[in-house]
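Visitor: My questions concern the predicted model and sequence given below.
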Amino acid sequence: MKSNRPDPDTSGLDSDRLPAHVAIIMDGNGRWAKRRSLDRLEGHRRGVETIETIIRFCRNIGLAHLTLFAFSTENWSRPAYEVAGIMTLLKEFLRTRQEELRENGIRFNAVGNLGMLSEDVRQVLDEAGSLTADCRKMVLTIALSYGGRDEIIRAVKRIAADAVAGRIDIDGIDEQQVAAYLDTHDLPDPDVLIRTSGEMRISNFLLWQLAYTEIFVTNTFWPDFGPDELVRILKEYQTRERRFGKV
């Protein structure tokens, strides 16, 4: 992926101890624009530029999984012009960058209640997924029309249907089987969650998957977030002791 920003100094970052999966709540586009007396959509446009930069950097350092929270189930209640603008930006990004994703070995993946999306958006998602299906360097997952509670409800309904049909044994249901019904069934749980803009909440994102994730909050608005700050977070991550509830 192309970027106009210089890569940061990665000295001191242990490439052998990188998290397998980094998830990011990309927050602050609207407030970034408001502070500059710009339309909110301009904030989203600048946010797309940051997405490109972060994807490129994560691919270059060898990160295996990057998941970006792009649009929540609650975001459907935003003004129609803003929702339409975000979807247009998404389509433009995928149409113009899907070949670069493939060339860089990045597999595209989308999770969420995708049935709520318009047909043209779903078509672009399918095209990007098909074009990059054989890529193995990194998995880029976009959470779109996504809500953690909605995901769990949909999974519970599928589990119930399979139990009624006799395809699964209720007594045999465990964490691994529940996880297999989630949108993220083929992804490892995130090791790191980053939220930009300083808000101290996870906003209905990956509720099941974040059980033992290391959480980092930065006051930086998403359009201003860059690889240098990501490196600082990854270095701090490498100093943390992860006990997963054990001593």
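Guide: Now that the structure is in, tell me what you want to look at. All of these numbers come straight from a predicted model, not from anything done at the bench.
Visitor: Angles on the backbone of the residue at the greatest distance from the centre of the chain, please.
Guide: For the chain, the C-alpha lying farthest from the average C-alpha position belongs to Gly166; by CA atoms, centre = their mean, that distance is 34.4 Å. Per-residue torsions, Gly166: phi 80, psi 10 (degrees, to the nearest 10).
Visitor: what about the strands in this protein?
Guide: Along the chain, the stretches classed as strands by DSSP state E are 21-25, 65-72, 106-111, 138-146, 192-195, 214-217.
Visitor: Quick one: list the elements packing against the fourth one.
Guide: Think strand 138-146. Packing partners of strand 138-146 (3 or more CB pairs under 8 Å, 6 or more residues apart in numbering; DSSP states H and E): helix 40-61, strand 65-72, helix 80-103, strand 106-111. (Glycine included, C-beta is placed from N, CA and C.)
Visitor: can we see that at 7 Å?
Guide: On a contact count with 3 or more CB pairs under 7 Å, 6 or more residues apart in numbering; DSSP states H and E, strand 138-146 meets helix 40-61, strand 65-72, strand 106-111.
Visitor: Convert it to PDB, retaining C-alpha atoms only.
Guide: In PDB, the C-alpha atoms belonging to strand 138-146 read as follows (Å, rounded to 0.1, in the frame of the first residue of the first chain):
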ATOM      1  CA  MET A 138      -1.700 -10.700   6.100                       C
ATOM      2  CA  VAL A 139      -5.500 -10.700   6.700                       C
ATOM      3  CA  LEU A 140      -7.300  -7.400   6.600                       C
ATOM      4  CA  THR A 141     -10.700  -7.600   8.200                       C
ATOM      5  CA  ILE A 142     -13.200  -4.700   8.000                       C
ATOM      6  CA  ALA A 143     -16.000  -4.800  10.600                       C
ATOM      7  CA  LEU A 144     -18.900  -3.300   8.700                       C
ATOM      8  CA  SER A 145     -22.500  -3.000   9.800                       C
ATOM      9  CA  TYR A 146     -21.100  -4.800  12.800                       C
END
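Visitor: which residue is nearest the middle of the chain?
Guide: Mean-position check on the chain, CA atoms, centre = their mean. Result Leu68 at 1.9 Å.
Visitor: Now do stretch 180-187, average pLDDT.
Guide: For stretch 180-187, the mean per-residue pLDDT is 98.
Visitor: For it, buried residues please.
Guide: Residues of stretch 180-187 classed as buried: Tyr181, Leu182, Asp183, Thr184, Leu187 (neighbour count, 16 or more other CB atoms under 10 Å).
Visitor: swap in stretch 134-142?
Guide: In stretch 134-142, counting by 16+ other CB under 10 Å, buried: Cys135, Met138, Val139, Leu140, Thr141, Ile142.
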